[in-house]
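> with the sequence up front, the predicted model follows.
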2 protein chains.
Amino acid sequence: MQPVKVGLLGLGTVGGGTVNLLARNGDEITRRAGRPVEVVHAAARHPERPRTCSTEGIRLTSDPFEVVDDPETEIIVELIGGEGLAKELTLRAIDRGKHVVTANKALIALHGNEIFARARERGVTIGFEAAVAGGIPIIKAVREGLVGNRIEWLAGIINGTANFILTEMLYAGREFGEVLAEAQRLGYAEADPTFDVDGIDAAHKLTILASIAFGIPLQYDKVYCEGIGHVSREDVEYARELGFRIKHLGICRRDEDGIGLRVHPTLLPERQLLANVDGVMNAVMVKADPVGPTLYYGAGAGAEPTASAVVADLVDVVREFTLEPENRVPYLAFQSHSLSDDPVLPMEAVETAYYLRMLAKDQPGVLAEVTRILGDSGISIEAIIQKQPGPGAEDVPIIILTHRVRESQMNLACERIEALEAIQGQLTRMRVETLA
Amino acid sequence: MQPVKVGLLGLGTVGGGTVNLLARNGDEITRRAGRPVEVVHAAARHPERPRTCSTEGIRLTSDPFEVVDDPETEIIVELIGGEGLAKELTLRAIDRGKHVVTANKALIALHGNEIFARARERGVTIGFEAAVAGGIPIIKAVREGLVGNRIEWLAGIINGTANFILTEMLYAGREFGEVLAEAQRLGYAEADPTFDVDGIDAAHKLTILASIAFGIPLQYDKVYCEGIGHVSREDVEYARELGFRIKHLGICRRDEDGIGLRVHPTLLPERQLLANVDGVMNAVMVKADPVGPTLYYGAGAGAEPTASAVVADLVDVVREFTLEPENRVPYLAFQSHSLSDDPVLPMEAVETAYYLRMLAKDQPGVLAEVTRILGDSGISIEAIIQKQPGPGAEDVPIIILTHRVRESQMNLACERIEALEAIQGQLTRMRVETLA
């Protein structure tokens, strides 16, 4: 059979990994797909530079538009990242009637609605498995494997850098800044770690996961996003004493009133599988009716795992070439005319349990005041630990786990507790999920 | 759009669950699939009996051939189980040009080669996601999600009953027989538990997984199969002391010489995710190049999770209706003309690490003799524990963990150790996998 001819935009880490993979596993891929997949034309900013992959048989150019416009390329793989040029090239490829495969989570999270609308008009497929959780086939699992399910919630460790940092804080007992520096040395974290550490990258991925889970349009701007910069070694340690691990999760949940979309540090019971996903690994847990809980685990980043997802999308596109568009798997899992307008809830309307930590003067009655405020605010207490003052310190740490409560109620209660004369400075608060 | 019309063979637990699911989530399924999926004709042994599902709008019959022959049914869902009648009905449906979806692992493991050949001739699809690991979309993940990978090995907890029993033995410190009786009371184990406890059910599923992982024909008769009946509370406890958990695994691994296919109790390091999959839950870990390790977790049995997989297959079939057969996902992941003839290794040629337990007379020099035999057989020792004799006992338990060694070498060494005058009775041996 005729090989499928692919145009590649970007020959960096993932681009090189994809070319290598197609060469190394070319035989197995052809035996599965029924026809070979070949990169025939590729764009790199500096085509003359040495590469991590062989570029034999591939025309190289510094102009990505040349690859898109090349009549020979049937599928365009977009691996240059960013939103500006990547978007322009993607739309141009669509206009040329070409299918597009991308690993670009920002592109899909921010411009996916527009891109999918254009692709639908032109009857082409957009593959983005590589944009979420690297090599884990999570898009496929949710869109196709769980097609018969009503998804209730989904919670994922979807940023490897943040998970590496939290894992090191737990097992090596080190502080955030120290571990971040090491992650940068090891190449797990960028020189500017904002995207990973502040949760922006995770929020992009959650945006995509929520849309395919609930059939809602992509709404990145409605994701509540909190990073891990404020998680202290102390909190990691107290959480452990209480039988919990702190993980940076992206969570979407459908309630009666609407859908909560949030990225934040989260306490998880230590026996939960998700709490035991360590290092740079990713995992996504999905709770759905009728299948119940399922979990998908694997490497969330890196050239090789991402290339695995890119090639999976390429083969899917090859298989769907001859399929009428209405019989293809819809971009966001649901047919475009039947997307849902379920509202995304403001964070104040979301319910979770809480971990609270505060420093109190070592004097009688403080705990009574704090618990009274919680009680008055309708907040039930699950557990309390009051510690001895640290060496040389006079204030005592109080740690409280609450039952589920609306964020808005918790905000009010926290303000009132912070206003107490016996409470020092601000409360530390983190959300708790049992995933039960 | 026109609804897809399904004929259902079997209205028991899974059949009823499937009808219920199509009713309960019908709206979401239609919004995803693009057209409704309707059961129009169903066969049950006793159609007049009360059902767990509403049968409104479904023609009922006691003759399954009537459903297969009904010109209105486009897809046949086979849920009657067993091999005889199920095979006959499946082949007849294929001959009538109908696609078939089945949850029947024995049917596929034992007769899949013949069924797929016939289906290929007639250009129809056979869906069997529900046959392996219930609601976990593992067939889809391996066949499609990992399509770009060369799979190295796969290891799975693929029988919920056996996993429930081992979990209870670990956490409740109870003996096999006692827990089995409870599992039967709870409905997790059949009155005749042979299929689950002896590993036959797991061997069926492993047969299927190995074929889609490596592109080999289905070869159930070559699976080495050992049940959990001989796992004692003592072994569970010693394993725990050594930092391991005992799980009943199906494992297939591709080595230079061929492919190992085996089901047996296995010691896993306690920090491995797979070691923490408890109760009736299933999970499959896949190691592949380039994606690395990935893991898929969920409910492996039960009406609801199995129905989830049946419906996923139904929707896939609906989507592929209009696809040329050569563009469909191949039955065994690889195109039929390019299946591999890699040999399946006899168990004697398979390499694993071992856990050995023996009872020795409490006299000097025994340990030296045992370790000498192992050394002479080229078997390296990873750890040894020698225990005090139990209360009232005179013999001392010796527990040894070895490095990887060929089964044939271990057989010889065990014979020689058992022949020692100071060793009482037979050695207990179990395989150890680090999954690294």
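The structure has been received and is ready for your questions.
> can you pull the pLDDT of the residue lying farthest from the centre of chain A?
Distance from the C-alpha centroid of chain A, by C-alpha atoms, centre = their mean, peaks at A:Pro364 (45.2 Å). As predicted, A:Pro364 sits at a pLDDT of 86.
> what of the one 4 residues further on?
Turning to A:Ala368, the model gives it a pLDDT of 93.
> for the one 5 residues further on, same thing?
Note for A:Ile373: predicted pLDDT of 97.
> helices or strands up against the helix or strand hosting it?
Using DSSP states H and E, A:Ile373 sits in helix A:366-376. On a contact count with 3 or more C-beta pairs under 8 Å, 6 or more residues apart in numbering or on different chains; DSSP states H and E, helix A:366-376 meets strand A:351-360, strand A:381-386, strand A:396-402, helix A:407-418. Yep, even glycine has a C-beta here, placed from its N, CA and C like the rest.
> and the first one, how far out from the chain middle?
Put plainly, it is strand A:351-360. 25 Å (C-alpha atoms, centre = their mean, to the nearest Å).
> closest residue of the stretch 301-436 of chain A to chain B?
A:Val311 (3.0 Å; C-beta to the nearest C-beta).
> before we move on, which element is that residue in?
With DSSP H and E as the criterion, A:Val311 is inside helix A:303-320.
> using PDB, write out every CA atom in that helix.
C-alpha atoms of helix A:303-320 as PDB (Å, rounded to 0.1, in the frame of the first residue of the first chain):
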ATOM      1  CA  ALA A 303      10.300  13.000  23.600                       C
ATOM      2  CA  GLU A 304       9.600   9.300  23.600                       C
ATOM      3  CA  PRO A 305       6.200   9.100  25.400                       C
ATOM      4  CA  THR A 306       5.000  12.100  23.500                       C
ATOM      5  CA  ALA A 307       6.100  10.600  20.200                       C
ATOM      6  CA  SER A 308       4.100   7.500  21.100                       C
ATOM      7  CA  ALA A 309       1.000   9.600  21.300                       C
ATOM      8  CA  VAL A 310       1.700  11.500  18.100                       C
ATOM      9  CA  VAL A 311       2.100   8.200  16.200                       C
ATOM     10  CA  ALA A 312      -1.100   6.800  17.700                       C
ATOM     11  CA  ASP A 313      -2.900   9.900  16.300                       C
ATOM     12  CA  LEU A 314      -1.200   9.500  13.000                       C
ATOM     13  CA  VAL A 315      -2.400   5.900  12.600                       C
ATOM     14  CA  ASP A 316      -5.900   6.900  13.700                       C
ATOM     15  CA  VAL A 317      -6.000   9.600  11.100                       C
ATOM     16  CA  VAL A 318      -4.800   7.100   8.500                       C
ATOM     17  CA  ARG A 319      -7.600   4.700   9.400                       C
ATOM     18  CA  GLU A 320     -10.200   7.500   9.300                       C
END
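> show me what from the stretch 51-200 of chain A comes close to chain B.
A:129, A:135-137, A:140-141, A:143-150 (C-beta under 8 Å from any C-beta of the partner chain).
> from those, which is closest to B:Thr90?
Taking C-beta to C-beta as the measure, B:Thr90 lies nearest A:Gly148 of these, at 21.7 Å.
> and the closest one, what is it in contact with?
A:Pro290, B:Leu21, B:Leu22, B:Asn25, B:Ile29, B:Ala307, B:Ser308, B:Val310, B:Val311, B:Ala312, B:Leu314, B:Val315 (C-beta atoms under 8 Å, 6 or more residues apart in numbering or on different chains).
> again, only using 6 Å
A:Gly148 makes contact with B:Leu21, B:Ile29, B:Ser308, B:Val311, B:Ala312, according to C-beta atoms under 6 Å, 6 or more residues apart in numbering or on different chains.
> on the three-state scheme, the second one is what?
At B:Ile29 the chain is in helix, as set by DSSP: H, G, I helix; E, B strand; the rest coil.
> that one and B:Thr18, how far apart?
12 Å (C-beta to C-beta, to the nearest Å).
> would you mind telling me which of those two has more residues around it?
B:Thr18 (34 against 24; other C-beta atoms under 10 Å in any protein chain shown).
> please save the CA atoms from stretch A:86-96 in PDB.
C-alpha atoms of stretch A:86-96 as PDB (Å, rounded to 0.1, in the frame of the first residue of the first chain):
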ATOM      1  CA  ALA A  86       1.200  27.300  15.600                       C
ATOM      2  CA  LYS A  87      -2.300  28.500  15.300                       C
ATOM      3  CA  GLU A  88      -1.700  30.200  12.000                       C
ATOM      4  CA  LEU A  89      -0.100  27.000  10.600                       C
ATOM      5  CA  THR A  90      -2.800  24.700  11.900                       C
ATOM      6  CA  LEU A  91      -5.600  26.800  10.400                       C
ATOM      7  CA  ARG A  92      -3.700  27.000   7.100                       C
ATOM      8  CA  ALA A  93      -3.300  23.200   7.100                       C
ATOM      9  CA  ILE A  94      -7.000  22.800   7.700                       C
ATOM     10  CA  ASP A  95      -7.800  25.200   4.900                       C
ATOM     11  CA  ARG A  96      -5.600  23.100   2.600                       C
END
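> next one: that stretch to chain centre, how far?
So, by C-alpha atoms, centre = their mean, the centroid of stretch A:86-96 is 25 Å from its chain's centroid.
> same question, stretch A:256-267
13 Å.
> residues contacting that stretch, please?
A:199, A:202-203, A:206, A:210, A:214, A:222-226, A:228, A:231, A:239, A:244, A:246-253, A:342-345, A:350, A:355, A:430-433.
> got a PyMOL select line for the buried ones in these?
Here is the PyMOL selection string for the buried members of the contacts of stretch A:256-267, based on 16 or more other C-beta atoms under 10 Å in any protein chain shown:
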select buried, chain A and resi 199+202+203+206+210+214+222+223+224+225+226+228+231+239+244+246+247+248+249+250+251+252+253+344+345+350+355+430+431+432+433
